[in-house]
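In: coordinates only, sequence not included:
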């Protein structure tokens, strides 16, 4: 599906803004957990590394197979949505105390 430039720009701005807001919330929640120290902090740090490696591999696969699209704006939108999904899951998990 090809969006007119104005809709594509709006979608990119919306996704980028939402990703930024959710990432900021995760940063705060994770920082609090890491500052408490102990097993919870070690587990969270290890989880962060595993998640980042897995996301990198998954995104590389999506990019190489063209599953995010072929147009640069669609690829960027797909990447933002990909990362936002993971960030949103982390925000929910951390907010629950998990």
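Out: That came through fine. Since the model is a prediction, treat every value here as computed from it, not as a measurement. Numbers count the residues shown, from 1 in each chain.
In: For the rest of this, base every contact and every neighbour count on C-alpha atoms.
Out: Fine.
In: Quickly note the distance from residue 22 to residue 95.
Out: Computed as CA to CA, to the nearest Å, the residue 22 to residue 95 distance reads 11 Å.
In: out of these two, which sits in the more crowded spot?
Out: Taking other CA atoms under 10 Å, residue 22 and residue 95 do not tie; residue 22 has more neighbours (18 against 13).
In: And residue 49, which helix or strand is it part of?
Out: helix 38-65 (DSSP states H and E).
In: which parts of the helix or strand where residue 76 lies are buried?
Out: If you go by DSSP H and E, residue 76 is part of helix 72-96. Counting neighbours by 16 or more other CA atoms under 10 Å, one finds that the buried residues in helix 72-96 are 73-84, 87-88, 90-91, 94.
In: How about residues contacting that helix?
Out: By CA atoms under 8 Å, 6 or more residues apart in numbering, the residues outside helix 72-96 that reach it are 8, 11-12, 15-16, 18-19, 22-23, 25-26, 29-30, 55, 59, 63, 68-69.
In: one step back: angle of the helix holding residue 49 against helix 72-96?
Out: Going by axes from the mean of the first three to the mean of the last three CA atoms, to 10 degrees, helix 38-65 is angled at 160 degrees with respect to helix 72-96.
In: And helix 38-65, what does it pack against?
Out: For helix 38-65, the contact count by 3 or more CA pairs under 8 Å, 6 or more residues apart in numbering; DSSP states H and E identifies helix 5-36, helix 72-96 as packing neighbours.
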